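Asks: Fold the stuff below for me.
(one chain, ligands or ions: 1)
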Amino acid sequence: MSMKIMITAAEPTPVRWAAEAANVIAAVLKAHPAATIGFPTGETPLPVYAELRRRVTQGQIDVSRCRALMLDEYLDPPEESYTSWSWLSHEVFAPLGLSSDRVRRLPWHSKGVETACAAFERRLRLEDGCDLQILGLGANGHIGFNEPGSAADSRTRAVKLTAATAAANRAYWHGEYEPEWAVTQGIATILAARKILLLARGGAKASILRRALTGPRDPEVPASFLRGASAVHVLADEAAAAALPRSLDYNIEWL
Ligand code: F6R
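Replies: Numbers count the residues shown, from 1 in each chain. Okay, the predicted model is just below:
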């Protein structure tokens with residue numbers, strides 16, 4: 001297991017922070033041009049996706065052979081436009097030229113969801129797994145939509161969102177839609193990725209990042225299970241890293 005924590009100095013807009021995340025993604029693609037990369041939604045990765053689009057457009061990163069993997073999805077939204085799929089298509093897949101045959105999509109209908117989740121897992125295994133899973137960090141410690149109480153051996157499945165997560169997601173959709181149920185890669189599915197990049201930005205993530213990295217490995221803080229993954233890069237800005245103890249057992253790089 002290897003854990004590396006990279007902390008970027010405070011900046012008015014997260015330029016350096018996003019560039020460091022893009023560097024991690026670029027390094028994976030350089031080593032494995034046909035890499036499979038998992039993408040989260042949410043506020044945190046937006047500057048990273050903007051930087052990725054810029055580098056791809058300028059020919060600095062080649063994604064022509066890579067595959068994309070969804071991390072989570074809403075279940076039974078009123079329209080397909082309220083899916084993580086459509087959000088990611090707009091932010092990542094379409095601008096990067098990742099056609100739908102190169103994206104491993106999660107189901108968004110509850111009918112047949114168990115079978116569809118099992119098929120997602122099977123295909124992931126057949127296609128040699130995930131090279132880089134990018135993650136955000138929920139205020140309650142969730143990763144993907146593995147809410148507190150999720151088991152370390154959980155796999156891709158339907159889950160009920162907590163009220164706080166549902167409300168946070170409602171805000172992404174300007175109050176037009178509030179998801180109740182979702183599908184998520186399980187903790188074990190995420191941990192099987194050959195590399196994980198955990199992104200954290202802003203003071204609102206400081207105490208949960210501390211609990212995830214220094215507290216007990218506990219289903220109540222699903223992100224604490226990341227310490228069992230084979231290679232984890234945590235990229236935090238100074239505000240998100242503010243509650244971390246100065247001495248940690250991990251390799252810390254101040255950027
Ligand atoms: C969404 C996802 C979630 C978010 C988390 C943080 O696909 O995986 O775990 O990463 O809720 O959300 P933001 O980035 O909006 O703070």
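Asks: When you work out contacts or count neighbours from here on, use the C-alpha atoms and nothing else.
Replies: Will do.
Asks: Can you name the residues in contact with the longest helix belonging to the chain?
Replies: As assigned by DSSP state H, the longest helix anywhere in the chain is helix 15-31. The contact list for helix 15-31 (CA atoms under 8 Å, 6 or more residues apart in numbering) reads 8, 35, 47-48, 51-52, 61-63, 66, 131-132, 197, 199, 235-237.
Asks: Which among these count as buried?
Replies: Among the contacts of helix 15-31, those scoring as buried are 8, 35, 47-48, 51-52, 61-63, 66, 131-132, 197, 199, 235-237 (criterion: 16 or more other CA atoms under 10 Å).
Asks: Could you export the longest helix of the chain as PDB, CA atoms only?
Replies: Once non-C-alpha atoms are left out, helix 15-31 reads as follows in PDB (Å, rounded to 0.1, in the frame of the first residue of the first chain):
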ATOM      1  CA  VAL A  15      -5.100  26.700 -10.800                       C
ATOM      2  CA  ARG A  16      -2.000  25.000  -9.300                       C
ATOM      3  CA  TRP A  17      -4.200  22.400  -7.600                       C
ATOM      4  CA  ALA A  18      -6.000  21.500 -10.800                       C
ATOM      5  CA  ALA A  19      -2.700  21.400 -12.700                       C
ATOM      6  CA  GLU A  20      -1.300  18.900 -10.100                       C
ATOM      7  CA  ALA A  21      -4.400  16.700 -10.600                       C
ATOM      8  CA  ALA A  22      -4.000  16.900 -14.400                       C
ATOM      9  CA  ASN A  23      -0.300  15.900 -14.000                       C
ATOM     10  CA  VAL A  24      -1.300  12.700 -12.100                       C
ATOM     11  CA  ILE A  25      -3.900  11.900 -14.900                       C
ATOM     12  CA  ALA A  26      -1.300  12.700 -17.600                       C
ATOM     13  CA  ALA A  27       1.300  10.400 -16.000                       C
ATOM     14  CA  VAL A  28      -1.100   7.500 -15.900                       C
ATOM     15  CA  LEU A  29      -2.000   8.000 -19.600                       C
ATOM     16  CA  LYS A  30       1.700   8.300 -20.500                       C
ATOM     17  CA  ALA A  31       2.400   5.000 -18.900                       C
END
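Asks: name the helices or strands packed onto the helix or strand that it is followed by?
Replies: The first helix or strand that comes after helix 15-31 along the chain, using DSSP states H and E, is strand 36-39. Under the contact criterion of 3 or more CA pairs under 8 Å, 6 or more residues apart in numbering; DSSP states H and E, strand 36-39 touches strand 67-70, strand 132-135.
Asks: ok, residues contacting strand 36-39?
Replies: Under the contact criterion CA under 8 Å, 6+ apart, strand 36-39 has outside partners 66-71, 88, 129-135.
Asks: and with 7 Å instead?
Replies: The set of residues external to strand 36-39 that reach it, using CA atoms under 7 Å, 6 or more residues apart in numbering, is C66, R67, A68, L69, M70, L71, C130, D131, L132, Q133, I134.
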